[in-house]
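Asker: sequence first, then the predicted structure, then my questions.
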Amino acid sequence: MNLSIANLRQDYTLAGLTEADADLDPFKQFSLWFSQAVKAQLLEPNAMTLATLNPDGHPAARIVLLKGFDERGFIFYTNYNSAKGQDLTTHPWAALVFLWKELERQVRLEGKVEPISPQESDAYFSTRPLNSQIGAWASAQSQVVSSREQLEYKFSEYEQKFTSERITRPPHWGGFRVVPHLFEFWQGRSSRLHDRLSYRLKGQNQWIRERLSP
């Protein structure tokens, strides 16, 4: 493979991010960029890296899907007994990263994590496709499974079970909300002189906006 990884690079020239263009409220700025990512028809614009600390204090990261956000925070769903669920129960802090590479943009945020209410989780679970609902019961997420066939067998068992019973949300499955105290909006620029605007929370509701060196 005659490829030098060190020489893989791209100059970013699509846009800039100035203080005059950016909203003073990071939630409104995120909403604007997110809506632009959706309008651009990017593949899964709600995909985000979720970084956590495991019970031993070691970092772990994976891609999950954002399922809702407002001024209270950013919501995703998982099995509470999964690796990330246990991480967040032990260390209820997380970092999120959104990469919209076609727009040469990245947003990262850090914050406290809290479980959402059972009522909110019930409401979302009821909107999921039937097979996804069954999968939430069939999969002991992050646990060792002997084979693909065993996983499919468990799915089939629950599929049969719920032909005669109303399917409800598993008690071990639900949502987490990341309540941010830090946002950073990154817009790629030429010559690696990228625009980085940081918003950090001071007190209860005052956001301090600062430009960071690239």
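Answerer: It's in.

Asker: who's in contact with Leu193?
Answerer: Pro214 (C-beta atoms under 8 Å, 6 or more residues apart in numbering). C-betas here are computed from N, CA, C, even on glycine.

Asker: from Arg62, how far out is it?
Answerer: 31 Å (C-beta to C-beta, to the nearest Å).

Asker: correct me, but Phe74 touches Leu66?
Answerer: Yes: counting by C-beta atoms under 8 Å, Phe74 does reach Leu66; the two are 5.9 Å apart.

Asker: which residues are common contacts for the two?
Answerer: 48, 96.

Asker: which one's more surrounded, these two?
Answerer: Phe74 (25 against 18; other C-beta atoms under 10 Å).

Asker: give the other helices and strands that the host helix or strand of Tyr158 contacts.
Answerer: According to DSSP states H and E, Tyr158 maps onto helix 148-161. Applying 3 or more C-beta pairs under 8 Å, 6 or more residues apart in numbering; DSSP states H and E, we find helix 148-161 packed against helix 130-138.

Asker: spatially nearest residue to Arg196, not counting backbone neighbours?
Answerer: The shortest distance from Arg196 to any non-neighbouring residue, by C-beta to C-beta, 6 or more residues apart in numbering, is to Leu212 (4.0 Å).

Asker: Ser121 belongs to a strand, doesn't it?
Answerer: No: Ser121: not assigned to a strand; according to DSSP: H, G, I helix; E, B strand; the rest coil it is helix.

Asker: quick one: contacts for Pro59?
Answerer: Pro59 touches 51-53, counting by C-beta under 8 Å, 6+ apart.

Asker: then Gly85?
Answerer: Per C-beta under 8 Å, 6+ apart, neighbours of Gly85: 78-79, 141, 176.

Asker: try 10 Å
Answerer: 52, 78-79, 115, 141-142, 172-174, 176 (C-beta atoms under 10 Å, 6 or more residues apart in numbering).

Asker: just Phe74 next, same as before
Answerer: 27, 30, 46, 48, 50, 66-68, 94, 96, 98, 109, 111, 113, 176-180.

Asker: filter these down to the buried ones, ChimeraX style.
Answerer: Selection of buried members from these for ChimeraX, criterion 16 or more other C-beta atoms under 10 Å:
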select :27,30,46,48,50,66,68,94,96,98,109,111,113,176,177,178,179,180
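
Asker: narrow the contacts of Phe74 to those in helices?
Answerer: Taking DSSP state H, the ones among those that sit in helices are 27, 30.

Asker: from the contacts of Phe74, which land in strands?
Answerer: Assigned to strands by DSSP state E, the following of those qualify: 48, 50, 68, 94, 96, 98, 109, 111, 113, 176-180.

Asker: among those residues, which one lies nearest to Leu17?
Answerer: Phe98 (14.5 Å; C-beta to C-beta).

Asker: beta partners for the residue nearest to that closest one when sequence neighbours are not counted?
Answerer: Closest residue to Phe98 apart from its sequence neighbours, by C-beta to C-beta, 6+ apart: Val107 at 4.5 Å. Beta bridges link Val107 to Phe98, Phe185 when assigned by DSSP bridges.

Asker: fine, thanks again, bye for now.
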